[in-house]
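Chemist: quick one: sequence and predicted model below, then my questions.
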Amino acid sequence: MLRIQFERTKTTRRLITALSSAAIALTATGIVQAQGEQYTSNLQLGTANPGGGYYTMGSEYANIFVKRIDVPDLNVSAIQTSGSVDNLAKISRNEIELGLAQATTAQLVLSGEGKYKNLDTTAVGLLGCLEPYALHVFTLADTGIDSIEGLKGKRVAIGAPGSANQLAARALLSAYGLAESDIRAYPEASDDARQKLRDGNLDAIIEVQPVPFPGLQELESAKGGVKLLPIAGQQLDALLKSSDFSPYTIKAGSYDFSPSPVSTVSDWSCMFASKTKVSPDLAYQLTRTLYEHAGDLTSSAKNVVSIDTAIPEGSRMPLHPGAERFLKEKNVLP
């Protein structure tokens, strides 16, 4: 009888030791089990390809989060991705914890309609929107292209697969009565596209970027003759009617080569987080930091990011519970 009791005690001790070791391992990797979910403080932030606004903004915010948020073992790494659609898909599949995406793209993906009907996005929650990105359609003077209608038959970069640029480019072409087959479409990322335009291997580029976009200024300095093509008239109306874009004017002087205002459309850049990997408390801190420490950014976004525009008018994007709590405290939400 005593022998049996002794064996049970050994087994119990072994079980307690195993459970304790497992708990230590989880803590060491920044993972906490809460309410049936595995939360982590080791975060990957999906950006886009180098050369675009997302790559820069994501890298800066990753550093700001680590610097400003007092959470033990918090680590945030900005990683290169293909952009908005890719980031949302990766969060949905629990491959990354944070990601940047355009609002119009996110609303399309999160709606679960069309090609996204088989993508389960219930894990994706909005932290907040940051700054407007304008649709830039640009070429060089020596291409002879003076309008968007002139893109027909030309070599046009429409953005990398999985990017908001591709969706915006297709919507723009459709508003002008053009199909993707009416142009010679190149699925190029931002840096590669500008290099090919500079070398004469492309005729034009369509991409959604902040204003001013440093890559465009660099292109002007290196090559010269950069031209922005306006979106106006009936085609502008058609684009606004068929999408969630907003009318936008690139102000005169935003670029040295563009002394006159340029009519186009804009979209909000937004930060998203996983509801299953990022705890409500950490999401609260992340959202607070997005707005209270936007001044730490080195780009022009530091003067634009505001809690007053955290939720775009008419937004249908689901919020992360932690973000919702913070925005309610700040009276952004009722």
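Modeler: It's in. These numbers were taken from a predicted model, which means no experiment stands behind them. Numbers count the residues shown, from 1 in each chain.
Chemist: tally of neighbours for residue 255?
Modeler: The local packing of residue 255 (other Cβ atoms under 10 Å) involves 20 other residues. Any C-beta I mention is one placed from the backbone N, CA and C, and that applies to glycine too.
Chemist: spit out the contact partners of it.
Modeler: The neighbourhood of residue 255, defined by Cβ atoms under 8 Å, 6 or more residues apart in numbering, consists of 212, 216, 217, 220, 226, 228.
Chemist: restricted to buried residues, select those in PyMOL.
Modeler: Provided next is the PyMOL selection string for whichever of the contacts of residue 255 are buried by 16 or more other Cβ atoms under 10 Å:
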select buried, resi 212+216+220+226+228
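Chemist: which of the contacts of residue 255 fall in strands?
Modeler: When strands are assigned by DSSP state E, the members of these inside them are 226, 228.
Chemist: nearest to residue 175, of the contacts of residue 255?
Modeler: Using Cβ to Cβ, the shortest approach to residue 175 within those belongs to residue 228, at 17.1 Å.
Chemist: need the helices for the stretch 151-300 of the chain, in chain order.
Modeler: Using DSSP state H, counting those that start in this stretch, the helices assigned to the stretch 151-300 of the chain run over residues 164-175, 190-198, 214-222, 233-242, 280-292.
Chemist: export these as CSV, with columns for mean pLDDT and distance to residue 61.
Modeler: Compiled in CSV, the helices of the stretch 151-300 of the chain are given as follows (pLDDT from 0 to 100; distance: least, Cβ to Cβ, whole Å):
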stretch, mean pLDDT, distance to residue 61
helix 164-175, 95, 18
helix 190-198, 95, 19
helix 214-222, 95, 17
helix 233-242, 96, 30
helix 280-292, 98, 7
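Chemist: and of those helices, who's closest to residue 129?
Modeler: Judged by Cβ to Cβ, the one of the helices of the stretch 151-300 of the chain that comes nearest to residue 129 is helix 280-292, at 9.3 Å.
Chemist: alpha carbons of the following helix or strand past the closest one, as PDB, please.
Modeler: Next helix or strand after helix 280-292 toward the C-terminus (DSSP states H and E): helix 321-329. What follows is the C-alpha trace of helix 321-329 in PDB, where atoms were taken according to Å, rounded to 0.1, in the frame of the first residue of the first chain:
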ATOM      1  CA  PRO A 321     -11.400  44.800 -28.800                       C
ATOM      2  CA  GLY A 322      -8.400  46.600 -27.300                       C
ATOM      3  CA  ALA A 323      -8.500  49.300 -29.900                       C
ATOM      4  CA  GLU A 324     -12.200  49.700 -29.400                       C
ATOM      5  CA  ARG A 325     -11.700  50.200 -25.600                       C
ATOM      6  CA  PHE A 326      -9.000  52.900 -26.200                       C
ATOM      7  CA  LEU A 327     -11.100  54.800 -28.900                       C
ATOM      8  CA  LYS A 328     -14.100  54.800 -26.600                       C
ATOM      9  CA  GLU A 329     -12.100  56.200 -23.800                       C
END
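Chemist: by contact count, what packs against helix 321-329?
Modeler: Counting contacts by 3 or more Cβ pairs under 8 Å, 6 or more residues apart in numbering; DSSP states H and E, helix 321-329 packs against strand 124-140, helix 280-292.
Chemist: now the ones you listed as JSON lines including mean neighbour count and distance to residue 182?
Modeler: Converted to JSON lines, the helices and strands packed on helix 321-329 look like this (neighbours: other Cβ atoms under 10 Å; distance: least, Cβ to Cβ, whole Å):
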{"stretch": "strand 124-140", "mean neighbour count": "24", "distance to residue 182": "15"}
{"stretch": "helix 280-292", "mean neighbour count": "21", "distance to residue 182": "40"}
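Chemist: residue 43 is nearest to which of those?
Modeler: Nearest to residue 43, of the helices and strands packed on helix 321-329 and by Cβ to Cβ, is helix 280-292 at 8.4 Å.
Chemist: can you give the contact residues for that closest one?
Modeler: 39, 41, 61, 64-65, 68-69, 71, 74, 98, 125, 127-128, 130, 271, 273, 278, 305-307, 310, 320-323, 325-327.
Chemist: show me which of those residues are buried.
Modeler: Buried, going by 16+ other Cβ under 10 Å: 39, 41, 61, 64-65, 69, 74, 98, 125, 127-128, 130, 271, 273, 278, 305, 307, 310, 320, 322-323, 325-327, out of the contacts of helix 280-292.
Chemist: what about residue 180, distance to residue 102?
Modeler: 19 Å (Cβ to Cβ, to the nearest Å).
Chemist: revised request: answer the last question for residue 234.
Modeler: To residue 102, residue 234 is 24 Å away according to Cβ to Cβ.
Chemist: which one of the two has more residues nearby?
Modeler: For residue 234 versus residue 102, neighbours defined as other Cβ under 10 Å are more numerous around residue 102 (29 against 9).
Chemist: which residues touch the closest residue in space to that one that isn't next to it in sequence?
Modeler: Nearest residue to residue 102 in three dimensions, chain neighbours excluded: residue 164, at 3.9 Å (Cβ to Cβ, 6 or more residues apart in numbering). Shown in contact with residue 164 (Cβ under 8 Å, 6+ apart): 83, 84, 85, 101, 102, 104, 105, 208, 267.
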